[in-house]
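S.K.: Here's my sequence, what's the structure:
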Amino acid sequence: MAGSIPREFIDDVLASTDIVELIDSRIPLKRSGSNYKACCPFHGEKTPSFSVSQVKQFYHCFGCGVSGDAIKFLMEYEHTEFIEAIEELAQMAGLQVPKIAYTHNTPKQVPEQFNLLDQVTHYYQHQLKHHPQANKVQQYVQQRGLSADIIKTFSLGYAPPDWDNVLNVLGAEDRTKIQTLFTTGMLIKRESTATDDHRAYYDRFRERLMFPIRDRRGRTIGFGGRILGDDKPKYLNSPETPLFHKGQELYGLYELKQAVRKIEKVLVVEGYMDVVSLAQFGIHYSVATLGTATTPEHLKVLFRLCDDVFFCFDGDRAGRDAAWKAMNNALPVMKQGKYAHFMFLPDGEDPDTLIRAKGKLGFEAEMEQSMTFSEFFFDQLVKQVNLNTREGRDKLNYLSKPYLKEIKDNAFKDLMKTRLEELAELSHGEKQRLDTDLGVNIGGNKAHYETQKHSFNQPRQAPSTVKKVISYLLQYPQLAKKAGDPGRFLLLEIEGIRLFVQLLDLLQTDPHLTTARILAHWQESEHYQYLTQRAIEPLLIDEKAISSEFNDFLQLFARQYQQQRISQLERKERNQGLGVLEKKEYRQLVYSKTLPE
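M.R.: Purely as a prediction, here's the structure:
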């Protein structure tokens with residue numbers, strides 16, 4: 001996503017943001033010398049080791065090692081994606097995100113749509129408390145044992161029974177507002193009329209307990225409504241709109257992120273009321289899909305938040321079928337270090353009844369009995385075969401292959417493959433054929449090959465002198481002013497020198513860059529982690545001594561290049577002879593080398 005936003009705009013956002021103010025608004029900071037400190041929000045600690053530099057516009061924890069700029073902090077602390085963090089920081093700074101940041105396939109979203117849906121949310125909340133016919137829904141909420149705090153947290157509301165409540169109150173015969181309400185799914189257009197006025201529309205939601213669906217920034221993007229009687233459907237969702245895409249959104253995700261700072265696991269359930277009831281009993285880490293099976297997009301979002309995702313299903317045939325569909329959708333995004341668990345409820349139970357019966361600790365004890373991804377996968381397939389026969393084991397091998405081919409992560413694929421080999425009792429030749437079928441037979445072990453290939457592509461560690469000058473420049477960018485022409489070092493054959501030259505050139509072009517803004521220029525580069533380490537490297541001497549040593553290193557590089565060029569010319573002289581200009585260059589280099597420094 002970073003590539004879709006102009007580099008210049010990212011730089012403007014960082015330049016307009018004070019990282020100390022940003023972090024202090026979320027974690028109280030205390031001044032400590034030239035920096036600010038706090039207990040790290042990303043790991044538990046009692047002694048503050050989280051340091052924020054106003055000069056560098058950079059943070060670093062000396063306990064767990066996390067570090068970054070304002071964008072990175074917002075992404076990690078608020079669990080947002082890159083473009084969402086940019087949007088929030090831009091809004092705080094009064095900047096407009098360029099339209100180029102949004103893909104052509106993204107439906108047009110306008111602030112008026114969000115604003116109007118927020119008004120609908122407040123309207124439904126008011127009706128829950130004050131509508132003359134709200135007694136029935138109030139009794140239902142009380143029966144479910146929902147507290148006033150939980151009702152407020154999830155902004156629950158009531159859609160009255162009439163056909164034109166939202167239409168009249170918020171549309172108010174304003175054609176623009178009516179069209180916006182229609183576009184966002186709150187109104188339905190009558191098929192029997194060709195007119196486009198007030199009478200052509202009616203409310204989608206009527207006589208239902210309303211659950212606002214919010215995006216990751218807390219903006220209402222749609223609704224779910226539960227009927228209070230026996231009418232069908234029991235639950236009604238907003239349709240697909242420019243704001244709401246049920247295959248990408250999860251009910252309760254925003255509330256989860258507000259309630260849980262360090263998200264260690266997420267529980268995926270099937271209904272809105274399950275999420276609300278679980279929160280009422282202290283489980284604030286559940287979300288619900290929105291009338292659809294869990295999609296790969298859902299899993300990508302959840303695995304960015306944590307490593308463990310629990311799926312909760314009914315224990316009947318329908319629940320097992322839904323779990324298998326979720327497992328199937330999860331295959332492409334499963335990877336080593338990410339774990340999917342499958343929890344099946346006892347007959348007649350749902351999350352609401354189970355937590356009421358067993359409480360938070362009892363419910364979480366049931367979660368601990370969940371099946372792992374591989375356990376559930378092979379359990380379902382083994383039921384279709386007889387492992388006591390050769391034919392049955394061959395069938396398990398045959399049934400498994402199409403699914404294992406969907407796994408993209410080589411390490412996780414290898415784990416699943418190994419389990420299949422054990423269950424199917426494959427011979428050496430059959431294992432080799434399986435490797436070939438699954439595309440993991442490159443050089444005997446594709447996972448090992450990919451690891452080696454990845455390491456070959458990484459920049460080798462630069463010598464200590466280059467590491468030092470890069471650290472000095474990142475932490476004292478003003479050193480670049482008197483460094484002279486960066487190009488004179490470009491041909492020096494020292495590991496890492498090109499990166500140093502690029503850094504020096506950047507700082508001479510824009511000498512006022514902070515450390516955070518410098519690193520942002522390498523955000524998508526293979527060098528980003530290396531540079532980040534240099535930016536937080538402790539410097540054991542003061543600024544004056546650093547300036548002196550930096551100049552010494554520049555002179556050292558100049559002498560090294562001088563000797564390198566002399567050696568090159570001497571080799572050429574021995575092998576093929578030098579031209580007139582090269583001889584002149586050689587004499588000048590040798591002569592200057594003899595001069596006192």
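S.K.: and the gap between D379 and S400?
M.R.: According to C-beta to C-beta, to the nearest Å, D379 stands 12 Å off from S400. C-betas here are computed from N, CA, C, even on glycine.
S.K.: And those two? Which one has more around it.
M.R.: Shown here are D379 and S400; by other C-beta atoms under 10 Å, S400 has more neighbours (21 against 13).
S.K.: Tell me which residues touch the residue nearest to that one when sequence neighbours are not counted, please.
M.R.: Once flanking residues are discounted, S400 sits nearest to L420: 5.1 Å by C-beta to C-beta, 6 or more residues apart in numbering. L420 is in contact with F378, L396, N397, S400, L404, L426, L434, counting by C-beta atoms under 8 Å, 6 or more residues apart in numbering.
S.K.: How many residues are close by the first one?
M.R.: Here the number of neighbours of F378 (other C-beta under 10 Å) works out to 20.
S.K.: now the third one
M.R.: Other residues near N397 number 21, with proximity taken as other C-beta under 10 Å.
S.K.: could you point out which element follows the host helix or strand of it?
M.R.: Assigning secondary structure by DSSP states H and E places N397 in helix 390-404. For helix 390-404, the succeeding helix or strand toward the C-terminus, using DSSP H and E, is helix 410-424.
S.K.: tilt between that next one and helix 390-404?
M.R.: 170 degrees (axes from the mean of the first three to the mean of the last three C-alpha atoms, to 10 degrees).
S.K.: Distance from helix 410-424 to the middle of the chain?
M.R.: Taking C-alpha atoms, centre = their mean, to the nearest Å, the mean C-alpha location of helix 410-424 is offset from the chain mean by 28 Å.
S.K.: Just the mean pLDDT for it, thanks.
M.R.: The average of the pLDDT scores along helix 410-424 is 92.
S.K.: in it, what counts as buried?
M.R.: N410, F412, K413, D414, L415, M416, K417, R419, L420, E421, L423, A424 (16 or more other C-beta atoms under 10 Å).
S.K.: Show me what the longest helix seen in the chain is packed up against.
M.R.: Longest helix in the chain, counting residues (DSSP state H): helix 543-575. In terms of contacts (3 or more C-beta pairs under 8 Å, 6 or more residues apart in numbering; DSSP states H and E), helix 543-575 is packed against helix 464-475, helix 580-594.
S.K.: May I see those organised as CSV, with distance to R144 and mean neighbour count added?
M.R.: Compiled in CSV, the helices and strands packed on helix 543-575 are given as follows (distance: least, C-beta to C-beta, whole Å; neighbours: other C-beta atoms under 10 Å):
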stretch, distance to R144, mean neighbour count
helix 464-475, 56, 21
helix 580-594, 86, 11
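S.K.: Out of those, name the one with the poorest average pLDDT.
M.R.: Among the helices and strands packed on helix 543-575, helix 580-594 carries the lowest mean pLDDT, at a mean of 77.
S.K.: So which residues make contact with that helix?
M.R.: Contact with helix 580-594 is made by Q562, Q563, R565, I566, L569, E570, K572, E573, L578, as judged by C-beta under 8 Å, 6+ apart.
S.K.: at 7 Å what do you get?
M.R.: Residues outside helix 580-594 that contact it (C-beta atoms under 7 Å, 6 or more residues apart in numbering): Q562, R565, I566, L569, L578.
S.K.: could you dump that helix to CSV, C-alpha only?
M.R.: What follows is helix 580-594, C-alpha atoms only, in CSV (Å, rounded to 0.1, in the frame of the first residue of the first chain):
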residue,chain,number,x,y,z
VAL,A,580,48.9,9.0,-21.8
LEU,A,581,46.1,10.3,-19.5
GLU,A,582,46.2,7.2,-17.3
LYS,A,583,50.0,7.6,-16.8
LYS,A,584,49.4,11.2,-15.8
GLU,A,585,46.7,10.2,-13.4
TYR,A,586,49.0,7.5,-11.9
ARG,A,587,51.9,10.0,-11.3
GLN,A,588,49.5,12.5,-9.7
LEU,A,589,48.1,9.8,-7.4
VAL,A,590,51.5,8.5,-6.3
TYR,A,591,52.8,12.1,-5.8
SER,A,592,49.8,13.2,-3.7
LYS,A,593,50.2,10.0,-1.6
THR,A,594,53.7,11.1,-0.6
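S.K.: picking up where we left off before, for the longest helix of the chain, give the mean pLDDT please.
M.R.: For helix 543-575, mean pLDDT is 86.
S.K.: Run the chain-centre distance for it.
M.R.: 45 Å.
S.K.: and what of stretch 357-367?
M.R.: 29 Å.
S.K.: and what of stretch 341-355?
M.R.: On the basis of C-alpha atoms, centre = their mean, stretch 341-355 sits 29 Å off its chain's mean C-alpha point.
S.K.: May I see the buried residues of that stretch?
M.R.: H341, F342, M343, F344, L345, E349, D350, P351, D352, L354, I355.
S.K.: try stretch 142-151
M.R.: Residues of stretch 142-151 classed as buried: L146, I150, I151 (neighbour count, 16+ other C-beta under 10 Å).
S.K.: got those residues as a markdown table, with pLDDT, distance to D162 and secondary structure columns?
M.R.: Shown next, in a markdown table, are these (pLDDT from 0 to 100; distance: C-beta to C-beta, whole Å; DSSP: H, G, I helix; E, B strand; the rest coil):
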| residue | pLDDT | distance to D162 | secondary structure |
| --- | --- | --- | --- |
| L146 | 93 | 25 | coil |
| I150 | 96 | 27 | helix |
| I151 | 96 | 23 | helix |
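S.K.: so what secondary structure elements neighbour the particular helix or strand that has I355 in it?
M.R.: For I355, the element it lies in under DSSP H and E is helix 351-368. Here helix 351-368 touches helix 272-280, strand 339-345, going by 3 or more C-beta pairs under 7 Å, 6 or more residues apart in numbering; DSSP states H and E.
S.K.: Among the ones you listed, single out whichever gets nearest to A38.
M.R.: A38 sits nearest to helix 272-280 of all these, at 28.0 Å, using C-beta to C-beta.
S.K.: now the angle between helix 351-368 and the closest one, please.
M.R.: Between helix 272-280 and helix 351-368, the angle comes out at 60 degrees (the same axes, to 10 degrees).
S.K.: so how far is helix 272-280 from its chain's centroid?
M.R.: Here helix 272-280 shows a centroid-to-chain-centroid distance of 25 Å under the convention C-alpha atoms, centre = their mean.
S.K.: between the helices and strands packed on helix 351-368, which gets nearest to L302?
M.R.: Using C-beta to C-beta and comparing the helices and strands packed on helix 351-368, the one that lies nearest L302 is strand 339-345, at 9.3 Å.
S.K.: what are the pairing partners of that closest one, and which direction each?
M.R.: strand 308-314 (parallel), strand 371-372 (antiparallel) (DSSP bridges).
S.K.: What lies in contact with that strand?
M.R.: 307-315, 319, 323, 330, 334, 354, 366-367, 370-373, 376.
S.K.: out of the residues you listed, which are buried?
M.R.: Among the contacts of strand 339-345, those classed as buried by neighbour count (16+ other C-beta under 10 Å) are 308-314, 319, 323, 330, 334, 354, 366-367, 370-371, 373, 376.
S.K.: need the contact list for L116.
M.R.: Contact analysis of L116 by C-beta under 7 Å, 6+ apart lists L170, K177, T180, L181, T184.
S.K.: 10 Å - rerun?
M.R.: L116 makes contacts with V110, V166, L170, G171, T176, K177, T180, L181, T183, T184, M186, T220, as judged by C-beta atoms under 10 Å, 6 or more residues apart in numbering.
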